[in-house]
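Q: sequence below, structure please.
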Amino acid sequence: MTETQFVMYAGFMLAAYSVIGNDVIQTLGTFLSSNEKKHWVILWLFAGSILTVVLVYGWYTNNGDVSYGRLLGDGGLENPKYSAPENIEGFGWPFLLPPIILLVITRFGIPVSTSFLILTFFNPKNLYDMLYKSMSGYLVAFVVAILIYMAVSKSLESKFINSEPTDKEKRFWTIGQWFSTGFLWGQWLIQDFANIYVYLPRQVSIEILIVTLILFLALLAYIFYSKGGAIQSIVKSKTNTSDIRSATLIDLSYGIVLFFFKELNNVPMSTTWVFIGILAGREIALKYQLNKKVKKGTLKDLGQDLLKVFFGLVVSIALVFMIRWLV
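A: Numbers count the residues shown, from 1 in each chain. Below is the predicted model:
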């Protein structure tokens, strides 16, 4: 095995572990919180089946490109936006640093953007486009969440907070939540497969597809078994996110925003920023509608969440220049 091949496969495995450990909980966090009483294997089978369908469908319909065009851009296989590792001059061990650093930061519960930390190394020129789309995603998610929860806080969320669902309501909302989570999970996968498969050739063979799918399912099982890990604390700190009815609305609004940006263009974006924007807009609307004011403590908490993703952005940009210097 050559050095390039070793770094490719090692980078892929590190990226897979880092991305799933950091980003998956942003998508499935409310699903985990509101289904804590269900056995983790049931939840894993649900999420794993959707992951399998999205991955295999993307590979089959896009001629081996599982990134849904985000790594290729308008240039296609002949001139991809993100060059394959074997075509990058100077590709070597420094390219293992992004997923390693992401893995370390994730252990502290910091919601760092994997798109900035990993993809920027393969194409620094695309940083502006990713940054613009990601910040737009935060703002759109923030405004959408405020509008939605200003409208439903009094009629729905206040009821959710003050009363437990009946058995009939539980059945209805359970079906609704699993559908909304499935929709959100699929949209997130389409966005974030690029962050992992950037370490492999742009056309993935069926053998690599099968091996990587098994790896994903194993890592996903660990996430469900460990109940989310450190990032889950951000979800649990927000108002009533463990209620299955509230979780359904969060997942649906998050999925709609991701779907909008997926259809807008194939520029990769940070789903982390959309996630933080949804939670921030929801929290402000809830506090205002239910208490007629937003306390400084709430704004401080939301500011800290935003500060964490800005910290991740600064680290990402700094690493880009450091890696380029090393190479």
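
Q: residue ranges in the stretch 151-300 of the chain under the pLDDT threshold?
A: 153-163, 165, 227-243, 290 (pLDDT under 70).

Q: can you give me the strands in this structure?
A: Here the chain has no strands by DSSP state E.

Q: how about the helices of it, start to end?
A: Ranges of helices in the chain, per DSSP state H, are 3-34, 40-61, 97-106, 114, 120-122, 127-152, 158-162, 167-197, 206-225, 232-236, 244-264, 271-291, 296-326.

Q: out of those, the one nearest residue 71 is which?
A: When the helices of the chain are compared by CB to CB, helix 167-197 sits nearest residue 71, at 5.1 Å. Using the backbone N, CA and C atoms, a C-beta is placed for each residue, glycine as well.

Q: tell me how far the closest one is from the chain's mean position?
A: Distance of helix 167-197 from its chain centroid, counting by CA atoms, centre = their mean, to the nearest Å, is 12 Å.

Q: highest mean neighbour count out of the helices of the chain?
A: Neighbour counts (mean count of other CB atoms under 10 Å) averaged over each of the helices of the chain peak at helix 114, with a mean of 29.

Q: what does it contact?
A: Applying CB atoms under 8 Å, 6 or more residues apart in numbering, the contact partners of helix 114 are 15, 18-19, 22-23, 102, 192, 195, 270, 272.

Q: okay, the residues you listed in TSV with distance to residue 138 next?
A: Formatted as TSV, the contacts of helix 114 follow (distance: CB to CB, whole Å):
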residue	distance to residue 138
15	23
18	22
19	19
22	17
23	15
102	19
192	16
195	18
270	8
272	9
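
Q: a markdown table for the helices of the chain, including distance to residue 77?
A: Conversion of the helices of the chain to a markdown table gives the following (distance: least, CB to CB, whole Å):
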| stretch | distance to residue 77 |
| --- | --- |
| helix 3-34 | 17 |
| helix 40-61 | 14 |
| helix 97-106 | 24 |
| helix 114 | 24 |
| helix 120-122 | 16 |
| helix 127-152 | 20 |
| helix 158-162 | 49 |
| helix 167-197 | 14 |
| helix 206-225 | 16 |
| helix 232-236 | 38 |
| helix 244-264 | 21 |
| helix 271-291 | 25 |
| helix 296-326 | 25 |
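
Q: right, so of the ones you listed, which gets closest to residue 70?
A: helix 167-197 (4.0 Å).

Q: between the closest one and helix 40-61, how many degrees?
A: For helix 167-197 against helix 40-61, the angle by axes from the mean of the first three to the mean of the last three CA atoms, to 10 degrees is 50 degrees.

Q: returning to that earlier point: quick one: closest of the helices of the chain to residue 88.
A: Closest to residue 88 of those is helix 120-122 (CB to CB; 7.2 Å).

Q: give me the nearest residue to residue 294, chain neighbours excluded.
A: Leaving out its chain neighbours, the residue that sits closest to residue 294 by CB to CB, 6 or more residues apart in numbering is residue 287, at 4.7 Å.

Q: how long is stretch 62-79 from one end to the other?
A: Chord length of stretch 62-79, first to last residue, is 15 Å (CA to CA, to the nearest Å).

Q: got the contact list for residue 96?
A: Contacts of residue 96 by CB under 8 Å, 6+ apart are 7, 10-11, 14.
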